[in-house]
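K.L.:
Next one to model:
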Amino acid sequence: MIVSGRVEVYSVALDGKDVQLNALTAGECFGVCNLLADTELETVLRCGEETEVLYIPKAVLLACMERDAGLAMRYAALCNRKLQFLLRRIELLTMQSCRGRLIAHLLERQDEKGVVRLAGSREDLARRLGMSRAALFRELSVLQSMGAVSVDGNSITVEDRPLLEELLYHPSNTK
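P.N.:
A predicted model of the protein is given here:
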């Protein structure tokens, strides 16, 4: 569990290219899907800043779950959320267009005011979306010129959600 700081989780392909899957902050856990597996699942982690981590050995956590059904159910719910998150990430990363990946990310991550605050740099966002930094800047520029988003420092504001949804779900209908 992350006590303080930020940890970035990566998947590394056979060709050595890495794709950022997630950025975790204080209170979030990693490595939870290995708990009941016989084999270890390799996870590539990088600290985005000075970070403190609490390590709980498997045997201790399993013993606690055997005694506390509520804890076991919360673990199952956490695994379910992680699975749903990873399925969305796979869907996002398998999208063919950079624009589609960016739009899907913005629509998913915006807060109630339509603002997406970047946890790291734009280069981190590009890596997370599986695109080059140049492609990210190009797509942000296009979306800004359409009036769909505005960019201010480490914040991207969704200005026209219906337009973004149209671009995402029906890209051939828009110019």
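
K.L.:
chain center to the helix or strand of the chain with the lowest mean pLDDT: distance?
P.N.:
Ranked by mean pLDDT, DSSP states H and E, the helix or strand of the chain with the weakest confidence is strand 18-25, at a mean of 79. Distance of strand 18-25 from the chain centroid (CA atoms, centre = their mean, to the nearest Å) equals 6 Å.

K.L.:
Okay, now the sheet partners of it, with direction.
P.N.:
Strand 18-25 sits in its sheet next to strand 6-12 (antiparallel), going by DSSP bridges.

K.L.:
which parts of the strand it pairs with are buried?
P.N.:
Within strand 6-12, the residues that qualify as buried are 6-9, 11, counting by 16 or more other CB atoms under 10 Å. Glycine gets a C-beta too; all of them are placed from N, C-alpha and C.

K.L.:
now stretch 60-71
P.N.:
Taking 16+ other CB under 10 Å as the criterion, stretch 60-71 shows Met65 as buried.

K.L.:
pull the CA atoms of it into PDB?
P.N.:
Taking C-alpha atoms only, stretch 60-71 is exported to PDB below (Å, rounded to 0.1, in the frame of the first residue of the first chain):
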ATOM      1  CA  VAL A  60      -0.200 -12.300   7.000                       C
ATOM      2  CA  LEU A  61      -2.900 -11.000   4.700                       C
ATOM      3  CA  LEU A  62      -4.300 -14.400   3.800                       C
ATOM      4  CA  ALA A  63      -4.500 -15.300   7.500                       C
ATOM      5  CA  CYS A  64      -6.400 -12.100   8.200                       C
ATOM      6  CA  MET A  65      -8.800 -12.900   5.400                       C
ATOM      7  CA  GLU A  66      -9.400 -16.400   6.700                       C
ATOM      8  CA  ARG A  67     -10.400 -14.900  10.100                       C
ATOM      9  CA  ASP A  68     -12.400 -11.900   8.700                       C
ATOM     10  CA  ALA A  69     -14.900 -12.600   5.900                       C
ATOM     11  CA  GLY A  70     -15.600  -8.900   5.500                       C
ATOM     12  CA  LEU A  71     -11.900  -8.300   4.700                       C
END
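
K.L.:
Report the rounded mean pLDDT for that stretch.
P.N.:
Stretch 60-71 carries an average pLDDT of 95.

K.L.:
What ranges does the protein have for its strands?
P.N.:
If DSSP state E is used as the criterion, the strands of the chain fall at 2-4, 6-12, 18-25, 44-47, 52-53, 115-117, 149-152, 155-158.
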